[in-house]
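A.B. asks: Predicted model and sequence below, questions to follow.
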Amino acid sequence: MGGDYPASARYFIEYPEDIKILGGSFNTDLGSSGVSLQGELSYKFDAPLQIDDTELLLAALTPVVPQLGAVNQVGSFGFDEEITGYEKLDVMQFQTTMTQVFPDIMGADQLAVVGEFGITQVIDMPSYQELRFEGPGTYTTGNPLATAAGAQPATEKPEGFATATSMGYRILGRWKYNNAFSSINLNPRLAWSHDFSGTSPGPGGNFIDGRKAVSIGLEGVYQNTWSADLAYTRFMGAGRYNLLNDRDFVGFNIKASF
């Protein structure tokens, strides 16, 4: 039976049901400061969070290599058993955004600044030693016993895996120069993002500890009809855990409104 296992093992995509979410939002102006403040708080019940894929792989091999049951966190399984790749936990998220417009500054007719802060909190998340959750770029298990047993070349560092708390911020500035050149308006912009603490569990987590990105762009608008936009985006930080580090790009587009 062991010889047939690699050919008979199967995987499938599962879409968990009955995920409930409760949320609230607010929007206000801070007196006469000119600052607009918005925010949102959400609480997701029984959200499916991805268990580290290496732990699942080792568990899937236990029918033919029972010793791997001692070096993974999911357990040992038989030939006809299903291995669930996620754990259901409650997740709370809060984000707040501040917006302010400055007239006649830096030679521009207007400068709009938007700042956003967000935090994700997993409720009662198991410790790293008890159950590791998926973080991008984690290609081996965090268990040194697996390395000692020859099951992997190196032990994954703890900081690569998801954490209970993760947070980051985003800042965008957009200048507006009306009639900079005859009938041409110029709108330069600068954006910065930084995930400064923790890594959100997947799938699709919001933050990766240490990840940064910067984008600079310039839009030109002619008679409010034709526009051209040129932008450059660079990704950095978080080492190999940031899967976008080699995907810097330049974007250019031309649009016409009629």
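C.D. replies: Arrived safely, thanks for sending.
A.B. asks: so where is the chain shaky, pLDDT-wise?
C.D. replies: 1-4, 6, 149, 151 (pLDDT under 70).
A.B. asks: in the stretch 51-200 of the chain, which spans are strands?
C.D. replies: 86-105, 108-122, 165-181, 184-197 (DSSP state E, counting those that start in this stretch).
A.B. asks: So which elements touch the longest one?
C.D. replies: Right, strand 86-105. Other elements packing on strand 86-105 under the criterion 3 or more C-beta pairs under 8 Å, 6 or more residues apart in numbering; DSSP states H and E are strand 35-50, strand 108-122. Quick note: C-beta positions are derived from backbone N, CA and C, even for glycine.
A.B. asks: can you put these in CSV and add distance to residue 257?
C.D. replies: Below are the helices and strands packed on strand 86-105 laid out as CSV (distance: least, C-beta to C-beta, whole Å):
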stretch, distance to residue 257
strand 35-50, 27
strand 108-122, 20
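A.B. asks: how far away is residue 231 from residue 24?
C.D. replies: 35 Å (C-beta to C-beta, to the nearest Å).
A.B. asks: what do you get for residue 75?
C.D. replies: 39 Å.
A.B. asks: Spatially central residue for this protein, please.
C.D. replies: residue 206 (3.0 Å; C-alpha atoms, centre = their mean).
A.B. asks: Can you tell me, leaving aside adjacent residues, what's nearest to it?
C.D. replies: Leaving aside its sequence neighbours, residue 206 sits nearest to residue 200 (C-beta to C-beta, 6 or more residues apart in numbering; 4.8 Å).
A.B. asks: Can you report how many residues lie near that neighbour?
C.D. replies: 28 (other C-beta atoms under 10 Å).
A.B. asks: didn't it look like it was pressed against residue 168?
C.D. replies: No - the pair residue 200 and residue 168 fails to qualify as a contact (C-beta atoms under 8 Å) at a distance of 9.1 Å.
A.B. asks: Between those two, which contacts overlap?
C.D. replies: 206-207 (C-beta atoms under 8 Å, 6 or more residues apart in numbering).
A.B. asks: coming back round to it: and the helices and strands packed on strand 86-105: which comes nearest residue 131?
C.D. replies: strand 35-50 (9.8 Å; C-beta to C-beta).
A.B. asks: Counting by contacts, list what the closest one packs against.
C.D. replies: Going by 3+ C-beta pairs under 8 Å, 6+ apart, strand 35-50 lies up against strand 20-29, strand 86-105.
A.B. asks: among those, which is the most enclosed?
C.D. replies: Most buried of the helices and strands packed on strand 35-50, by mean neighbour count (mean count of other C-beta atoms under 10 Å): strand 86-105, with a mean of 16.
A.B. asks: how far is that strand from where the chain is centred?
C.D. replies: 13 Å (C-alpha atoms, centre = their mean, to the nearest Å).
A.B. asks: could you measure residue 72 against residue 14, distance?
C.D. replies: Counting by C-beta to C-beta, the gap from residue 72 to residue 14 is 20 Å.
A.B. asks: The two: which is more packed in?
C.D. replies: Neighbours were tallied for residue 72 and for residue 14 using other C-beta under 10 Å; the higher tally belongs to residue 72 (25 against 11).
A.B. asks: which residue sits closest to that one in space, ignoring its chain neighbours?
C.D. replies: residue 58 (3.8 Å).
A.B. asks: Quick check: residue 159 touching residue 197?
C.D. replies: No - counting by C-beta under 8 Å, residue 159 stays clear of residue 197, with 11.0 Å between them.
A.B. asks: Give me the buried stretch members for stretch 141-158, please.
C.D. replies: 141-143, 146-147, 151-152, 156 (16 or more other C-beta atoms under 10 Å).
A.B. asks: Now do the contacts for residue 191.
C.D. replies: 170-173, 213-216.
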